[in-house]
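**Q** Got a sequence here, can you build the structure:
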Amino acid sequence: MSTLSLTLTATRYNLIETARVPIAVIGSVVFPTLAFCLFVLPQGAVVADSSVATAAVCSMVVFAFMSSGLFSVGLELAEQRSKPWTPYLRTLPGSPLARIGALILATLAIATVAMVPLLVVGGVFTSARPEPLPLLAAIVLVIATALPPMLIGAIIGLTTGPKAAIAVTQVALFLLAFGGGLFLPPQFFPAWLDTASSVLPIRQAREIVVGVATGAEVPLWAILGVVAWTLALGALVVWLYRRDEGRRYR
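**A** Residues are numbered from 1 along each chain as shown. Alright, predicted model coming up:
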């Protein structure tokens, strides 16, 4: 079986396993929309302005994918490493990255579903009215730019145990969300924080998605930053996986 076939098969079983715990799916789908209702809808000035409302909806969509990546990938990998079943799976033939790739694909699928109610609520209760083509492009790009937080989740899962992973993930979630301009628009950042924020992959993903959805210019530094983060974090995940295998299973 090829690596691609193995990855797709593992993705299917990951989705089946997650679906057997309905509250896990419901929580992942409802959480981003609930956060949007609590933090964005009460702000009348944001809701009434079409461009600002569109940016706010896009920010929360990025937040949905980021939170799914950190929690689903990070906590699941940490839990798997603590069980005796995982060492056996890693002795089987096949690419070692198929398991992580399958977990990321399954998480992307659930996050994509979670995006639907968020877009519906944003379209009904705010004045956000992006054009169809920019909206479609933004949806594609938010999925593409979600790889860095998924890989960060994998790094957390490969370096911490189940209990520590929860604490580390919670801290990373709020630091990345605030620093990335998802809770507070970067326009309100002081100069030093705006400069530091531009280095974060979440801020870069936000700039790309918001820029495409609103028709604004997408900064080149954001595109290059997402690509660089994806390559660097991907290489680190591969190294950590191989190091973990050498330490724990040989």
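**Q** So what's the model's average confidence on the helix or strand hosting P87?
**A** Applying DSSP states H and E as the criterion places P87 in helix 85-89. Here helix 85-89 scores 72 as its mean pLDDT.
**Q** and that helix, how far out from the chain's middle?
**A** The chain centroid and the centroid of helix 85-89 are separated by 26 Å under CA atoms, centre = their mean, to the nearest Å.
**Q** Show me which residues of it are buried.
**A** Within helix 85-89, no residue counts as buried by 16 or more other CB atoms under 10 Å. Any C-beta I mention is one placed from the backbone N, CA and C, and that applies to glycine too.
**Q** ok, and the helix or strand in this structure with the lowest average confidence?
**A** helix 85-89 (a mean of 72; mean pLDDT, DSSP states H and E).
**Q** could I have that one exported to CSV, CA atoms only?
**A** Below are the C-alpha coordinates for helix 85-89, written out as CSV (Å, rounded to 0.1, in the frame of the first residue of the first chain):
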residue,chain,number,x,y,z
TRP,A,85,-1.1,0.2,21.1
THR,A,86,1.0,2.9,19.5
PRO,A,87,4.4,1.2,19.9
TYR,A,88,2.9,-1.8,18.1
LEU,A,89,1.6,0.3,15.3
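**Q** how about the nearest residue to the residue most central in space within the chain, chain neighbours excluded?
**A** In the chain, the C-alpha nearest the mean C-alpha coordinate belongs to M66, at 2.7 Å (CA atoms, centre = their mean). For M66, ignoring the flanking residues on the chain, the nearest one in space by CB to CB, 6 or more residues apart in numbering is P149 at 4.2 Å.
**Q** Test my guess that the one you found contacts G69.
**A** Yes. Judged on CB atoms under 8 Å, P149 makes contact with G69 at a distance of 3.8 Å.
**Q** Show me where this protein dips below the pLDDT cut-off.
**A** 1, 94, 96, 245-250 (pLDDT under 70).
**Q** mind listing the helices for it?
**A** Using DSSP state H, the helices of the chain run over 3-19, 22-39, 44-48, 50-68, 74-81, 85-89, 97-125, 132-144, 147-159, 162-179, 191-197, 201-214, 220-248.
**Q** Of all the ones you listed, which one comes closest to P185?
**A** Closest to P185 of the helices of the chain, according to CB to CB: helix 50-68, at 6.9 Å.
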